[in-house]
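>>> requesting a structural model of the entry that follows:
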Amino acid sequence: MTHTWNPEQYLRYGDERSRPFLDLTSRIGAEHPGLVVDLGAGPATQTRLLAERWPGAEVLAVDSSPEMIARAGAQEGVTAVLGDLRTWTPPGAVDVLVTNAALQWVGGHLALLPRLAGLLAPGGWFAMQVPGNFEEPSHTLRRELAAQAPYAEHLQGIASPASHDAADYLRALQEAGLEVDAWETTYLHVLHGPDPVFEWVAGTGARPTLQALPEHLRARFEEEFRARLREAYPDRGHGVVLPFRRVFAVGRRP
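Reported below is the predicted structural model:
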């Protein structure tokens, strides 16, 4: 079942979403790359930072969402390309290949890593980051509610993100011939406003669920989901704290 993306909803917490990207790309040691690719770039607001870092490079933002690519095309120094990261082929050997918060949507993506590593030029860099929070209430509450009547019959086969531990990515990329550094970080995002955790997940992990529900059930689901999230993530007077584990790996082809 397909779904669409809303750049405005996704960027509502743009500062918080950009932190893992900055931490990831700070570990890339490339000095003068010729071709830089961001696979699953979304609206390319972060890809633009790669163009600013390496102004002499050709920087491509690749995404399968027409809505995201339309937004990405407005980013200075970035060429937006509509393509599926599982099959897209670059115009040449890649010096820096980044995929940030995208692989979790690709089932069996560990098996895809050798292909991605194979796109690198000698001395090229590969950098990936995926969420590792799928057992947190922001996800488990949605899954529990989605499994109940009357919602369950409408939610069969929806896209469901998943990821692995840092050690799994380390081994997979080593076996693909890269020198690898892998780690994880748990961010404590302090969010403000009404139902901020719902607004966060509505732009990412919960979006396929919400879009798959018929209109007469969507409002009911949202109301129940919001109430459960408020209980799981209370505002104690200083904003709502959303713990968010992220998993990173950076590799270099010798």
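>>> C-alpha only now, for contacts and for neighbours.
OK.
>>> the strands in this protein, which residues?
With DSSP state E as the criterion, the chain has strands at 35-39, 58-63, 79-82, 94-100, 120-131, 179-191, 240-252.
>>> the fourth one - contacts with which helices or strands?
Contacting strand 94-100 under the criterion 3 or more CA pairs under 8 Å, 6 or more residues apart in numbering; DSSP states H and E are the following elements: strand 35-39, strand 120-131.
>>> can you give me the pLDDT of the nearest residue to His32 once chain neighbours are set aside?
Leaving aside its chain neighbours, His32 sits nearest to Trp54 (6.8 Å; criterion: CA to CA, 6 or more residues apart in numbering). With respect to pLDDT, Trp54 scores 98.
>>> hmm, back to that, turn the helices and strands packed on strand 94-100 into CSV, columns for distance to Tyr169.
CSV is the format used below for those (distance: least, CA to CA, whole Å):
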stretch, distance to Tyr169
strand 35-39, 17
strand 120-131, 9
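>>> that older thread, switch the strands of the chain over to CSV; also include mean pLDDT.
Formatted as CSV, the strands of the chain follow (pLDDT from 0 to 100):
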stretch, mean pLDDT
strand 35-39, 98
strand 58-63, 97
strand 79-82, 96
strand 94-100, 98
strand 120-131, 98
strand 179-191, 97
strand 240-252, 97
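>>> for Ala159, which of the ones you listed is the nearest?
Among these, strand 120-131 comes nearest to Ala159, with 15.2 Å by CA to CA.
>>> give me the helices and strands touching the closest one, please.
Packing partners of strand 120-131 (3+ CA pairs under 8 Å, 6+ apart): helix 14-25, strand 94-100, strand 240-252.
>>> return the most buried member of the ones you listed.
strand 94-100 (a mean of 25; mean count of other CA atoms under 10 Å).
>>> which one of the helices and strands packed on strand 94-100 lies nearest to Phe248?
Once these are compared by CA to CA, strand 120-131 is nearest, at 4.5 Å.
>>> what residues sit buried inside the longest helix along the chain?
For the chain, the helix that runs over the most residues, judged by DSSP state H, is helix 215-232. By 16 or more other CA atoms under 10 Å, the buried positions in helix 215-232 come out as 221, 225-226, 228-230.
>>> and what of stretch 158-171?
Buried-residue list, stretch 158-171, by 16+ other CA under 10 Å: 159-163, 165-166, 169-170.
>>> out of those, who's nearest Gly123?
Leu170 (17.9 Å).
>>> the closest one and Thr99, how far apart?
Distance from Leu170 to Thr99, counting by CA to CA, to the nearest Å: 15 Å.
>>> related to what we said a few turns ago, just put the helices and strands packed on strand 120-131 in CSV and tack on distance to Ala212.
Formatted as CSV, these follow (distance: least, CA to CA, whole Å):
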stretch, distance to Ala212
helix 14-25, 25
strand 94-100, 25
strand 240-252, 25
